[in-house]
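> sequence and predicted model, in that order:
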Amino acid sequence: MNENKQSPFKGPSGSSAPEQAAIEGPEAGDTARDKAQLIKVERVAELARKQNEELIQLVGDLESLDWKKIKPHIMAQILTKIPYRGKKDDPPYYLSPIQALIFAIEAYRMNLSPLSDQCFFNKDAHKVNATLSGKKAMSRDMGMNFGPPKFERVTKPFTKGKMVPGFTEDVGYKCSMEIKGYQDRAEYTAYLSEWYMSSSPVWREKPEHMLQTRAQEKAISSASGVGASEMPSPHDIEPILAGAPDLLQLPSFTNSDSTDK
């Protein structure tokens, strides 16, 4: 009789990790999960430490807190650390080093702070767009000062194929503004059928408020020419900044990647 015959119910010595965990009991699985979690925490801590070192060095390179006096390549490093709102259900995103550098250089040319709500990097067009606030500032630089907006709600039947859910008529808002020193007024009428963006939560929640904002923005562009040729974006008139940064998504942009000061 072969006394060394192996029982068919006994796991082989080379069992896989899940099989071995089942043999050893739930405690082994818990230990493996704890180790994996510990490794993840250590990775995040190490990444945070490296990023803190980068930020400390970055702050040390600042010569002024006036954005106009911050060198473009330093400003670009700052911009890569800011989370921006993604489209619809997309997660927040970060600018790449080259996108941030283009953003910084173009914002300087436009005399708008890239750290404010005056402008943003339109990653679809690879251009820098001015927001409503930015267009007001650029118009003032041109000597065109707009008075407070006056709005008039208007309606018309929807054209075929351009209906907006929740509305029986095509709602529009006419914006009229005085331009100090000019006889003519700046005017523009924005309609839902032309500007409604179903992918935008702000447009879905406050469509008429957004129409007023769009009408004001287009009235300024039409009168001053500022941003008149820009491709429209929802971020022209709604916030683009997202929530707090996720450490695991922050890009690396150290001084070794930038140009010499």
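That came through fine.

> how far does stretch 203-216 sit from the chain's center?
Mean-position distance between stretch 203-216 and its chain equals 19 Å (C-alpha atoms, centre = their mean, to the nearest Å).

> may I have that stretch as CSV, with CA atoms only?
The C-alpha trace of stretch 203-216 is given here as CSV (Å, rounded to 0.1, in the frame of the first residue of the first chain):
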residue,chain,number,x,y,z
TRP,A,203,-27.4,75.7,-18.1
ARG,A,204,-29.8,72.9,-17.1
GLU,A,205,-30.4,74.4,-13.7
LYS,A,206,-30.4,78.2,-14.6
PRO,A,207,-31.1,78.5,-18.3
GLU,A,208,-32.6,82.0,-18.2
HIS,A,209,-29.8,83.4,-16.0
MET,A,210,-27.2,81.9,-18.4
LEU,A,211,-29.0,83.4,-21.4
GLN,A,212,-28.7,86.9,-19.7
THR,A,213,-25.0,86.3,-19.1
ARG,A,214,-24.5,85.1,-22.7
ALA,A,215,-26.4,88.1,-24.1
GLN,A,216,-24.2,90.5,-22.1
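
> list the buried ones in that stretch?
203, 207, 210-216 (16 or more other C-beta atoms under 10 Å). In this view, the C-beta of every residue, glycine as well, is placed from N, C-alpha and C.

> for stretch 62-73, same thing?
67, 70-73.

> do the same with stretch 140-148
144, 146.

> what mean pLDDT does it get?
Taken as a whole, stretch 140-148 has a mean pLDDT of 94.

> what does it contact?
111, 136, 139, 177-182, 186, 220, 223-224, 226 (C-beta atoms under 8 Å, 6 or more residues apart in numbering).

> pull out the buried residues from those residues.
136, 139, 177-179, 186, 220, 223-224, 226.

> domain assignment for the chain?
20-60, 143-225 (automatic domain parsing).

> partner strands of the helix or strand harbouring residue 129, parallel or antiparallel?
Assigned by DSSP states H and E, residue 129 falls within strand 127-130. The strands beside strand 127-130 in its sheet (DSSP bridges) come out as strand 119-122 (antiparallel).

> and the residue most central in space within the chain, bridged to which residues?
Closest to where the C-alpha atoms of the chain average out (C-alpha atoms, centre = their mean) is residue 84, at 2.2 Å. As for beta bridges, residue 84 partners with residue 93, residue 241 under DSSP bridges.

> quick one, grab the pLDDT at it.
Looking at residue 84, the pLDDT reads 85.
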